[in-house]
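K.L.:
Make a model of this:
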Amino acid sequence: MSNKVYVNRTLNLKKIKYLGLDMDHTLIRYKSENFEKLAYTHMIQRLVDQKGYPQILLSLKFDHNIAIRGLVIDRPRGNLLKLNRYASIRAALHGTKPLDFKTLQKIYKSTYIDLNSDDYLAIDTAFSISMAVLYSQVIEVKDSDPKLTFPNYSVVADDLLEVLDDLHRDGTLKNIVRKNLEHYLIKDPLVVEGLEKFKRHEKKIFLLTNSDFHYTKLLLDYAINPFLKDHKDWSELFEYVITFAQKPKFFYEEQRFLSVDPQNGTMTNIEGKIIPGVYQGGGAKKFTREIQVQGDDILYLGDHIYGDILRLKKDCNWRTAMVVEELDIEIEQNKKAEPTNQEIEHLMKKKEPMEDRLTLLTTEKIDEQHKAQKLSKEYKSPKNIELSKMLTIFPSNFFICY
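P.N.:
Now for the predicted structure:
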């Protein structure tokens, strides 16, 4: 895992007073393939048991390589789309098979994807990878046998989203993680070292997560406490711990803050200002106001494209940073492709003067054709035709002078 930081705006950490952290897939990293396989398996079971999908789905195998964050499901057409930064389609799958260029052009032409449309569903979090993988596989099974009873493409997407949300909401997945933390979580001493370094440089840190207090405490006890050197417990690292924040609502709704007793998790209503401690709920405006900083004094790190980054930037003026683990793979692939890229660049440089020469020759040819057509038209004009008739009555060696 690399520890590189990429920026698209100037960021002076000296001016940052509060460092905010999401927990799941940010401060605490998951063994993504293991967790998504778990979600995938339970999603299939619920589709069969609760939604009446064909039993053949139980034989499907999880393939973590089919999807990554950032893809988009085209609900009406049953396609999985990869977009560029301008929301133009670069590639697409129907089922698990890529659409060729001609088919892609025929279906979408010059379409730019509007993610505000109900036709599209964004895979904007690592917790959605299992849904994208299963969607592609279900579409493939549906198309392969018309005798099987499946709903249309749009309903399949909606059903998958519903069962996945239910698995997270009712605690099914987290209860399994609780019983086998080593299988699903990554313990990284460098993360704890970094947090303590920020504390030594007098940066204040807060945790803002959608997970409940008990699950948050369990993960922090497991992944943070064993590596602490300057502190006795993770609670000493954070000025504020805000659980069950219901992001992105946290950034645009004024929800009530509840005080949480870190010893037993009991909650009480609070009146007045919030002070350093553990809380549930709340809202960004009240939080920013009461810690007495400007929005751009806060740098918030998260992994959710919409919930942690886009919606936050729309409703607050906090600075943001996004954890993109997939960049490791992209960077490694780019390194492997470097010799090929250099060869392509070399050949492109050889090709450029040839293209310039071809353009010049083509231009000259067109100009010559244009001149010939112009002369031909002039010769065929009425005046020239009459002159031509007159010349034909004289011998070839007879000249008329004016």
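K.L.:
tell me the pLDDT at the residue lying closest to Lys313 once chain neighbours are set aside?
P.N.:
Leaving aside its sequence neighbours, Lys313 sits nearest to Thr320 (C-beta to C-beta, 6 or more residues apart in numbering; 6.1 Å). Where C-beta positions appear, they are placed from N, C-alpha and C, glycine not excepted. What the model reports for Thr320 is a pLDDT of 90.
K.L.:
Ile176 contacts Ala39, correct?
P.N.:
No: using C-beta atoms under 8 Å, Ile176 makes no contact with Ala39, being 9.8 Å away.
K.L.:
who's more crowded, the two?
P.N.:
Ranked by neighbour count (other C-beta atoms under 10 Å), Ile176 and Ala39 place Ala39 first, with 24 against 16.
K.L.:
Using the three-state scheme, assign the residue nearest to Lys203 when sequence neighbours are not counted.
P.N.:
Excluding the flanking residues, the one nearest Lys203 by C-beta to C-beta, 6+ apart is Leu19, at 5.3 Å. Under DSSP: H, G, I helix; E, B strand; the rest coil, the three-state class of Leu19 is strand.
K.L.:
what pairs with Leu19 across the strands?
P.N.:
Applying DSSP bridges to Leu19 gives these bridge partners: Ile205, Leu299.
K.L.:
List the contacts of it.
P.N.:
With contact taken as C-beta atoms under 8 Å, 6 or more residues apart in numbering, Leu19 is in contact with Phe198, Lys203, Lys204, Ile205, Phe206, Ile298, Leu299, Leu301.
K.L.:
which of those residues lies closest to Pro151?
P.N.:
Using C-beta to C-beta, the shortest approach to Pro151 within the contacts of Leu19 belongs to Leu301, at 38.8 Å.
K.L.:
give me phi/psi at the closest one?
P.N.:
Note on Leu301: its backbone torsions stand at phi -110, psi 130 [degrees, to the nearest 10].
K.L.:
from memory it sits against Asp22, does it?
P.N.:
Yes: the pair Leu301 / Asp22 is scored as a contact, 6.5 Å apart, by C-beta under 8 Å.
K.L.:
of these two, who's got more company?
P.N.:
Taking other C-beta under 10 Å, Leu301 and Asp22 do not tie; Asp22 has more neighbours (24 against 18).
K.L.:
quick one: that one and Phe35, what's the gap?
P.N.:
The spacing between Asp22 and Phe35, counted by C-beta to C-beta, to the nearest Å, is 16 Å.
K.L.:
cool, and Arg319?
P.N.:
Distance of Arg319 to Phe35, computed by C-beta to C-beta: 29 Å.
K.L.:
Please name the residues that touch Gln45.
P.N.:
If you count contacts by C-beta under 8 Å, 6+ apart, Gln45 has them with Leu58.
K.L.:
Specify the local secondary structure of Pro151.
P.N.:
Remark: Pro151 carries the secondary structure label coil [criterion: three-state DSSP].
K.L.:
what number of residues lie near it?
P.N.:
Pro151 is surrounded by 15 other residues when neighbours are defined as other C-beta under 10 Å.
K.L.:
Show me the strands in the stretch 251-400 of the chain, by range?
P.N.:
According to DSSP state E, counting those that start in this stretch, the stretch 251-400 of the chain carries its strands in the segments 257-260, 267-269, 277-281, 298-302, 319-322.
K.L.:
Could you give me the buried positions within the second one?
P.N.:
What that stands for is strand 267-269. Neighbour counts over strand 267-269 (16 or more other C-beta atoms under 10 Å) mark Met267 as buried.
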